[in-house]
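Student: Turn this into a model:
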Amino acid sequence: DAVGGTSSDMPPPLLAAGGDDLFAGAHGAGATEAEVRRLRAQVETLTRQRDALERESSQLQNRVDSLQRSADQRAGAQSTAMAALENRFEVALQAIGRLQEELEVVQEQRETYRQQCRQLSQILTEAQGGRPGQLVPPA
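Tutor: This next block holds a predicted model:
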């Protein structure tokens, strides 16, 4: 037996199926004083075992509570880290949106400049009498 004694040292159960008094059967059956002492010793052993198990149960519950608090703290830290990452992601998305808008504006300006260059090139070509590549001397 892991708690105290071997299984062959253990006497039969102390209580009758009906829950009768522990020692009533021993006295009523004319048990000897030795039997009563043996039963009392068994009760003391079982009481010590019960107390030890209660202490162990209390220690285990304290350990479970401690582990739960640690898990809760880790979950809180992870939640805080996740919120920070979500915030950074949102800021990055906003920056990407601004850059896309700026890109569209720059592309529109580029297209406007290209059109102006084509128009100027056409005007110069017409001013030269339809000969591209030659500049008209200043008058």
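Student: Give the residue spans of this structure that score low on pLDDT.
Tutor: When residues are selected by pLDDT under 70, those of the chain lie in 1-31, 130-139.
Student: Strands of that one, start to end?
Tutor: Counting by DSSP state E, the chain has no strands to list.
Student: Find the residue at the geometric middle of it.
Tutor: What sits nearest the mean C-alpha location of the chain, by Cα atoms, centre = their mean, is residue 75, with 4.5 Å.
Student: gap between that one and residue 69?
Tutor: Distance of residue 75 to residue 69, given as Cβ to Cβ, to the nearest Å: 11 Å. C-beta here means a position set from N, CA and C on the backbone, and glycine is covered the same way.
Student: how about the helices in the chain?
Tutor: Using DSSP state H, the helices of the chain run over 24-28, 33-127.
Student: Tell me which of the ones you listed is the most buried.
Tutor: Comparing the helices of the chain on average neighbours per residue, with mean count of other Cβ atoms under 10 Å, the densest one is helix 24-28 at a mean of 13.
Student: Give the phi and psi angles for residue 128, as a check.
Tutor: Main-chain dihedrals, residue 128, degrees, to the nearest 10: phi -90, psi 10.
Student: What is the neighbour count of it?
Tutor: When neighbours are defined as other Cβ atoms under 10 Å, residue 128 has 13 of them.
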